[in-house]
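My questions are about this predicted structure, shown below with the sequence.
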Amino acid sequence: MQQNKPSLESTLKSSDTEEFIDIYFYRPIGYRWALLFQKLGITPNAVTIASIFIGVGSGICFYFDNLWITILGIFLLVWANSYDSADGQLARMTKQFSALGRVLDGFAGNLWFASIYIAICMRLFPVWGWSIWVLAIITGFFHSKQASMADYYRNIHLLFLKGKSGSELDNTNELNLKNAALTWKSNFWEKLVLTFYTNYTKGQESWSGNFQTLFKLLRSRYGETAPEQFRVDFREKSLPLMKWTNILSFNTRAIALFVAMLIKEPWLYFVFELIVLNIILVYMVFAHEKMCETFTKEIAEHKYD
């Protein structure tokens, strides 16, 4: 008997957290890639690794001051991101989730943009000198924070929307326990990946103190499952922030990059990330922390008992 083909909708995280461009462009393309990869027996991690090579190739193209090579670079980055969509959709289709997959997924995006940053710096170095490298390093630091916190807030939203099975939210306490059970001698690569992932998660937690307080209070009072009314209220307050998490992810920054490259002013991309996206980051963190502080007070006052 032929196995039913999974629907496109079943491969999405949720309508709350999907962006317009993703829903109507990347997810349909990624879905078709995922079906092909599933048929060929290719794993999500292998797809992620393939996206690294394609994305780095895109970055190399942006070194050249040539319109057609720039267009090739744009095409390759779109292709790489369609694979980034496909690996997650394939993982949801095949139930192949792992810490390695999470680390690889973030690592892939970092390598794409590292190659882009390096290419832009090498292209502009004859005119800008070492100042362009300084600008790139500062921009890269904030880029990582923007993407990291956007990912964290989406997974918090998914946790209260769909439960633990629908979210990839982790915490350092549980990760440290898993890491302590491994040894460098017997589980070197697994322990190495988990160490990097734990540090990544720790960085997210350090920027979300009020959420950490709220989460601890929820678990101490209600266990693993938050009250239904709290989940409804949290979704209502968190949903408006999802559009900002999407802006801080891939699509908006990619459009800004493409425009900067096509008008042959690559440095404008760094300025966009430093000014526009950092303003959004600060607002997003402030709004989420304020929301969590309010919910903590309401729980302390037994609103959801």
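Good, I have the coordinates.

how far does the longest helix seen in the chain sit from the chain's center?
With secondary structure taken from DSSP state H, the chain has its longest helix at helix 131-162. On the basis of C-alpha atoms, centre = their mean, to the nearest Å, helix 131-162 is displaced by 7 Å from the centre of the chain it belongs to.

and what of stretch 82-90?
Relative to the centre of its chain, stretch 82-90 is centred 12 Å away, using C-alpha atoms, centre = their mean.

again with stretch 153-164
Its chain's C-alpha centre and that of stretch 153-164 lie 14 Å apart, by C-alpha atoms, centre = their mean.

for the stretch 51-200 of the chain, which spans come out with low pLDDT?
Counting by pLDDT under 70, the stretch 51-200 of the chain contains low-confidence ranges at 99.

Which residue ranges of it form helices?
Listed in chain order, the helices found in the stretch 51-200 of the chain under DSSP state H, counting those that start in this stretch are 67-94, 99-128, 131-162, 172-180, 188-206.

List the contacts of stretch 44-53.
Contacts of stretch 44-53 from elsewhere in the structure, counted by C-beta atoms under 8 Å, 6 or more residues apart in numbering, are 33, 37, 80-81, 83-84, 86-88, 90-91, 94, 96, 98, 100-101, 104-105, 107-108, 111-112. Every C-beta, even on glycine, is put in place using the N, C-alpha and C of the backbone.

of those, buried ones?
Buried residues within the contacts of stretch 44-53, defined by neighbour count using 16 or more other C-beta atoms under 10 Å: 33, 37, 80-81, 83-84, 86-88, 90-91, 100-101, 104-105, 107-108, 111-112.

Just the C-alphas of the helix or strand hosting His288, formatted as CSV.
Secondary structure assigned from DSSP states H and E places His288 in helix 278-300. Extracted as CSV, the C-alpha positions of helix 278-300 are listed here (Å, rounded to 0.1, in the frame of the first residue of the first chain):
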residue,chain,number,x,y,z
ASN,A,278,19.5,46.8,15.9
ILE,A,279,16.6,49.2,16.6
ILE,A,280,14.2,46.3,16.0
LEU,A,281,16.3,44.0,18.2
VAL,A,282,16.2,46.5,21.1
TYR,A,283,12.5,47.0,20.8
MET,A,284,11.8,43.3,20.5
VAL,A,285,13.8,42.4,23.6
PHE,A,286,12.3,45.3,25.6
ALA,A,287,8.7,44.4,24.6
HIS,A,288,9.2,40.6,25.3
GLU,A,289,10.7,41.3,28.7
LYS,A,290,8.0,43.7,29.6
MET,A,291,5.3,41.2,28.6
CYS,A,292,7.0,38.4,30.6
GLU,A,293,7.2,40.7,33.7
THR,A,294,3.5,41.4,33.4
PHE,A,295,2.7,37.7,33.2
THR,A,296,4.9,36.9,36.2
LYS,A,297,3.0,39.4,38.3
GLU,A,298,-0.3,37.9,37.2
ILE,A,299,0.7,34.4,38.0
ALA,A,300,2.0,35.5,41.4
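
Go through it and flag the buried ones.
Taking 16+ other C-beta under 10 Å as the basis for neighbour counts, the residues of helix 278-300 that come out buried are 278, 280-281, 284-285, 287-289, 291-292, 295-296, 299.

what's in contact with that helix?
Taking C-beta under 8 Å, 6+ apart as the rule, helix 278-300 contacts 142, 145-146, 149-150, 153, 207-211, 213-214, 217-218, 221, 230, 233-234, 237-238, 241, 244-245, 247-248, 304.

could you redo the last one with a cut-off of 6 Å?
Helix 278-300 has contacts (C-beta atoms under 6 Å, 6 or more residues apart in numbering) with 142, 146, 153, 210-211, 213-214, 217, 237, 244, 247.

For ChimeraX, what selects the buried ones among these?
Selecting only the buried entries of the contacts of helix 278-300 in ChimeraX, with 16+ other C-beta under 10 Å as the criterion:
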select :146,153,210,211,214,237,244,247
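
Kindly reformat the contacts of helix 278-300 as JSON lines and extend each row with secondary structure.
As requested, those are exported to JSON lines (DSSP: H, G, I helix; E, B strand; the rest coil):
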{"residue": "Phe142", "secondary structure": "helix"}
{"residue": "Gln146", "secondary structure": "helix"}
{"residue": "Tyr153", "secondary structure": "helix"}
{"residue": "Asn210", "secondary structure": "helix"}
{"residue": "Phe211", "secondary structure": "helix"}
{"residue": "Thr213", "secondary structure": "helix"}
{"residue": "Leu214", "secondary structure": "helix"}
{"residue": "Leu217", "secondary structure": "helix"}
{"residue": "Lys237", "secondary structure": "helix"}
{"residue": "Trp244", "secondary structure": "helix"}
{"residue": "Ile247", "secondary structure": "helix"}
